[in-house]
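Trainee: Give me the fold of what follows.
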Amino acid sequence: MSEINFASDFIGNSAVVRILSHAILHPAPAYVLTGVPHLGKKTLAEKFVRTLLQQDTNETWRNHPDIFILEAEEGKKLISVEQVRDVIERVSMRPFVASRIVVYVPNADLFNEAGTNALLKVVEEPPAEAVFVFVAQDIGRLPATLKSRAVVLPLYPVARKEMLRAGISEKKCDSARGRVGLAMLEQKEKNSAAGFVSAILKENCGSRLTRIDMLTKICDADEFPQLAWRDALQTMMGEMTEVMRENKKATVLGMGILLASRAIGTAISPRMYLDAIAIRLDGENMEESHRVMPKHISCGLPEVFL
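Mentor: A predicted model of the protein is given here:
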């Protein structure tokens, strides 16, 4: 059987990778990738989707005319029946560019009941040119009928020796306990926090806010976001001693990092303080900084923020 090795850099779960590699040319109507957090389910699913669409560029695959990404709308927790109806309408058409239409559902355990029932109808009798790729953390939330129509591929924690062979340090292997994605996330978080202080003091306001946004996404995506924020902010504080000797603005930044640290575990995101400081560091915006902060937060800030 022909095989396309589409995920040669993926660490662990080689049996699942092999099954998907065999399936590229002649895929089944539906696949479900499942397992505990941080095993790389979404990473592998997205590699598979891109290969099905013959779309290798990471930056553009989500805009491919033959993909439909089904996920909860902004501000909502569940995928609605209206969204599913849009999918049904799309898969009833022919592909525009690729040889098939791919429906990618990165959080398949987030359907409401009506949405699930509507989706079941199209999965039970899928169009010949459609492939559904589901990712689910809690496989128990998916209806038995859907699972019976799909190839269910469970991912498991990766052996320590396999993670070591892939270049992951012993310390990260021990803390991640087989969850490769967690080890990688920790590295991204440290990379984002390292050099944060010196970079943010040199950049313009827009670049600062972009850097903070990237750090926020990484920390909030962690399985333990409060610990991720604490580690990142501690890394920043470690840079402050040297920087404060060279740059007077570092005092303002240091206060912001301190307040962000105190916000961990409260209803206020540490990001709120970092955003306020990013604006405060621009001299011409010094009187505007309070506008990014709710009144109940800004009224408790030291004068350096106001």
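
Trainee: what separates the most centrally placed residue in the chain from Ser169, distance-wise?
Mentor: The C-alpha lying nearest the average C-alpha coordinate of the chain belongs to Ala221 (Cα atoms, centre = their mean; 6.0 Å). Counting by Cβ to Cβ, to the nearest Å, the gap from Ala221 to Ser169 is 21 Å. To be clear about C-beta, it is placed using only N, CA and C from the backbone, and glycine gets the same treatment.

Trainee: contacting residues for the closest residue to Phe6 other than its chain neighbours?
Mentor: Excluding the flanking residues, the one nearest Phe6 by Cβ to Cβ, 6 or more residues apart in numbering is Thr51, at 4.1 Å. By Cβ atoms under 8 Å, 6 or more residues apart in numbering, the contact list for Thr51 reads Ile4, Phe6, Ile24.

Trainee: low-confidence ranges in the stretch 101-250 of the chain?
Mentor: Applying pLDDT under 70 to the stretch 101-250 of the chain picks out residues 184-194, 222-224, 241-242, 244-246, 248.

Trainee: mind listing the helices for it?
Mentor: For the stretch 101-250 of the chain, the helices defined by DSSP state H, counting those that start in this stretch occupy 113-124, 144-149, 160-165, 170-176, 180-193, 196-202, 205-221, 225-246, 249-263.

Trainee: Any chance of TSV for those helices, columns distance to Ile277?
Mentor: What follows is the helices of the stretch 101-250 of the chain, written out as TSV (distance: least, Cβ to Cβ, whole Å):
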stretch	distance to Ile277
helix 113-124	42
helix 144-149	47
helix 160-165	37
helix 170-176	30
helix 180-193	15
helix 196-202	8
helix 205-221	8
helix 225-246	11
helix 249-263	3
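
Trainee: out of those helices, nearest to Lys41?
Mentor: Set against Lys41 and scored by Cβ to Cβ, the helices of the stretch 101-250 of the chain come closest in helix 180-193, at 8.3 Å.

Trainee: hey, C-alpha coordinates of the longest strand along the chain in PDB?
Mentor: Determined from DSSP state E, the single longest strand within the chain is strand 130-136. Output of strand 130-136 as PDB, limited to C-alpha atoms (Å, rounded to 0.1, in the frame of the first residue of the first chain):
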ATOM      1  CA  ALA A 130     -15.600  14.800   2.000                       C
ATOM      2  CA  VAL A 131     -13.300  13.800   4.900                       C
ATOM      3  CA  PHE A 132     -14.100  14.700   8.500                       C
ATOM      4  CA  VAL A 133     -11.200  15.000  11.000                       C
ATOM      5  CA  PHE A 134     -12.200  15.300  14.600                       C
ATOM      6  CA  VAL A 135     -10.100  16.000  17.700                       C
ATOM      7  CA  ALA A 136     -11.600  15.100  21.100                       C
END
